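Student: need coordinates for the following:
(one chain, ligands or ions: 5)
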Amino acid sequence: MVMIPLSFVLAISAVWAAPNTGNPNALWSCLSGKGWNLETVSNANYAKDSTAFNERLSFKPVAIVSPPDLNGVAGAVNCARTNNFKVSALSGGHSYAAFGLGGQDNQVVINLKNLKNITLNSDGTVVSGTGNRLGDLAQAIWDQGQRALPHGTCPYVGTGGHTSYGGFGLFSRQAGLLLDTVVSAQVVLANGEVVTASPTQNTDIFWAIRGAAPSFGIVVSWTYQTVPAPSTVTFQLGWSKSLTQNQFVTAFSAFQNFSTTAPNALGFDGDIGADGNGGISLTFLGVWYGAASQFQSTIAPFLAKIPAGYTLTANNMTWIQQLDFLAGSSSLSTAAPDTLAQHDTFFAKSLMTTGPSSQTALNSFASYLYSQGAHSDTNWFIGFDLYGGKISQTASNATAYTNRNAFITYQFYASSQNSNPPYPADGISFVTNMLNSLEPNPQEAYPNYVDPTLTAAQWKSQYFSTNYARLLSIKNSVDPQQVFSFPQSIS
Ligand SMILES: Cc1cc2nc3c(=O)[nH]c(=O)nc-3n(C[C@H](O)[C@H](O)[C@H](O)COP(=O)(O)OP(=O)(O)OC[C@H]3O[C@@H](n4cnc5c(N)ncnc54)[C@H](O)[C@@H]3O)c2cc1C
Ligand SMILES: *[C@@H]1O[C@H](CO)[C@@H](O)[C@H](O)[C@H]1NC(C)=O
Ligand SMILES: *[C@@H]1O[C@H](CO)[C@@H](O)[C@H](O)[C@H]1NC(C)=O
Ligand SMILES: *[C@@H]1O[C@H](CO)[C@@H](O)[C@H](O)[C@H]1NC(C)=O
Ligand SMILES: *[C@@H]1O[C@H](CO)[C@@H](O)[C@H](O)[C@H]1NC(C)=O
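Tutor: Ligands and ions are numbered 1, 2, ... in the order given. Next comes the predicted model:
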């Protein structure tokens, strides 16, 4: 028998202890009677409140608490830590992997829905509680001062997760990712301390939360630097007749070629999907943030290279009209409860390319779409977003978020036919093969389209690259007990 020193056993067990093995009764007693709205499995609302946006996944938190203020958030973190439970923050609940519900069972979920203050200051900064969703934030800064921020289009996405892992929208080539606009944040750490993180205070934490906040603490408020809201020209382009496989490749190749020199004021996205007639549809969507009079000449070189028969629709809009248009809604308000009707049952993967994909890669991609995609038993789409511009003007080690060299970010997304469970058995392999048909050896992925099927080696390098080592060292100093722990946390 080999003798193993006791200190070694203790060190190992501290690191390898199974998560969430504390005593639930002790935890509940610590969390109750404090006005934090504790929900456990026996509460009437627990089933609804623990249902993930992505119903492909289901986890059972040991407790869901919704404190009224930051002191309650800190107190709830203390209860979890001292009782040996792991903690996840829940903001808008739109994590693709249900990480806001812990991504594993028996997590303490701290729901931030009561942290709704939004104050726009005279210097253009806005302090926003992380219970706010993108629609609440966008509407408030418009109403309070006709100001704007770059961020995604769905009003229900939470500012907590969205800012933590990036935050891309059509305005990002002009104004950066949402995390690039953060000038400071108030953070509850694993030891229950509330700190300000900024370029001059707690600078390691400030670096880490802009790209990996969920592993380092609970951000209770972000302070963003807003900009004056620009006027916009929104546009859409598509073909009414199905494109042949060759036409598809030509159109996509033209998009790539044009995009290598497109101005930063042009936000350019698109969608690929099954057209319902056994073919593939390709549509483009964009916003021009420059002078309206220059839109046509800006887009003309692209139009010159795409197959004939397209329709281009362009409209001049104010900033807020554009946000409503992109959201597909006449209101950005999320005051009504996020109902189950907005949930989905899906799997998605992402890919960030760093330059135009080769003609060979596009042919392989198109061949997969035309042979497999047109006949899948899932309801699928591929969204693609042009990156670059302001996003790429920040150094890859200036924030924890690192994939600054991205050219196009793709998401490959497939739902069940009716958006409800069960998820088709071949859905995950269908999506994975779709990505691999374009890029067999992916190097970079977008952390906000979090993919729980990536191996540890894959997510560490595809999300954080060489920034991972510094993240690990900061993690070991601010959260040595791994209080903020979930399947893809820094550890
Ligand atoms: C319909 C839809 C549309 C989308 N559109 C876009 C888009 O246009 N652009 C884009 O970039 N992304 C988009 N996304 C992806 C989206 O940005 C991410 O899913 C995002 O992480 C969701 O944030 P959340 O707060 O809603 O989710 P949650 O599930 O609440 O949180 C996500 C992660 O962040 C952690 N977290 C939440 N709040 C905090 C906090 N305050 N402090 C620390 N950690 C926290 C959670 O624990 C979890 O790990 C979209 C997603 C969906 C479902
Ligand atoms: C919101 O702001 C008000 C006024 O400043 C303050 O009293 C309140 O505590 C704040 N609420 C939260 C949840 O931060
Ligand atoms: C895009 O550029 C590549 C490389 O120069 C070229 O081979 C391809 O034909 C171009 N695509 C279109 C649609 O013009
Ligand atoms: C948008 O504004 C430009 C510049 O003022 C103008 O030339 C163009 O006709 C407008 N487009 C529409 C659809 O109103
Ligand atoms: C980023 O890398 C550059 C070049 O290697 C280095 O000079 C700089 O100090 C690094 N910055 C940070 C914030 O680590």
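Student: spell out which residues of the stretch 251-400 of the chain are next to ligand 4.
Tutor: When proximity is defined by Cβ under 6 Å from any ligand atom, the stretch 251-400 of the chain lies next to ligand 4 at Ala292, Ser293, Asn315, Asn316. Yep, even glycine has a C-beta here, placed from its N, CA and C like the rest.
Student: let's see 8 Å
Tutor: Listed as neighbours of ligand 4 in the stretch 251-400 of the chain under the rule Cβ under 8 Å from any ligand atom: Ala291, Ala292, Ser293, Phe295, Ala314, Asn315, Asn316.
Student: what's the closest non-adjacent residue to the last one?
Tutor: The spatial neighbour of Asn316 that comes closest, neighbours along the chain excluded (Cβ to Cβ, 6 or more residues apart in numbering), is Ala292 at 5.2 Å.
Student: check the fifth one too.
Tutor: Here the nearest residue to Ala314 in space, its sequence neighbours aside, is Phe235; by Cβ to Cβ, 6+ apart that works out to 4.2 Å.
Student: quick one: the helix or strand encompassing that neighbour near ligand 3?
Tutor: Element membership of Phe235 [criterion: DSSP states H and E] is strand 232-239. No: using Cβ under 8 Å from any ligand atom, strand 232-239 stays clear of ligand 3, with a minimum separation of 14.9 Å.
Student: buried residues of that strand, list them for me.
Tutor: Thr232, Val233, Thr234, Phe235, Leu237, Gly238, Trp239 (16 or more other Cβ atoms under 10 Å).
Student: quick revisit: per-residue pLDDT of the residue nearest to Asn316, please?
Tutor: Confidence at Ala292, expressed as pLDDT, is 98.
Student: I figured Gly211 hits Ala398, correct?
Tutor: No: Gly211 is beyond contact range of Ala398, at 9.9 Å (criterion: Cβ atoms under 8 Å).
Student: give the next helix or strand downstream of the helix or strand containing Ile209.
Tutor: Secondary structure from DSSP H and E places Ile209 in helix 203-212. Next along the chain after helix 203-212, taking DSSP H and E as the criterion, comes strand 218-225.
Student: and for the next helix-or-strand element following that following strand, what are the contacting residues?
Tutor: As assigned by DSSP H and E, the chain's next helix or strand after strand 218-225 is strand 227-228. The contact list for strand 227-228, computed with Cβ atoms under 8 Å, 6 or more residues apart in numbering, reads Gly124, Gln146, Arg147, Ala148, Leu149, Ala175.
Student: Gly211 and Ala398: who's more crowded?
Tutor: More crowded of Gly211 and Ala398, by other Cβ atoms under 10 Å: Gly211, with 25 against 14.
Student: give the contact list for the more buried one.
Tutor: Contacts of Gly211 by Cβ under 8 Å, 6+ apart are Ser164, Tyr165, Gly166, Leu179, Thr399, Ala400, Tyr401, Thr402, Pro447, Phe464, Asn467.
Student: now, those residues that are in helices?
Tutor: Among the contacts of Gly211, the members found in helices (DSSP state H) are Ser164, Tyr165.
Student: ok, and the most crowded of the residues of the stretch 251-400 of the chain next to ligand 4?
Tutor: Busiest of these [other Cβ under 10 Å] is Phe295, holding 21 neighbours.
Student: quick one on the thing from earlier: could you list the buried residues of the helix holding Ile209?
Tutor: Ile205, Phe206, Trp207, Ala208, Ile209, Arg210, Gly211, Ala212.
Student: residue in the stretch 351-491 of the chain nearest to ligand 5?
Tutor: Nearest residue of the stretch 351-491 of the chain to ligand 5: Asn397, at 3.8 Å (Cβ to the nearest ligand atom).
Student: is that residue in contact with Thr466, as I believe?
Tutor: Yes: shown here, Asn397 and Thr466 form a contact pair, counting by Cβ under 8 Å, at 7.4 Å.
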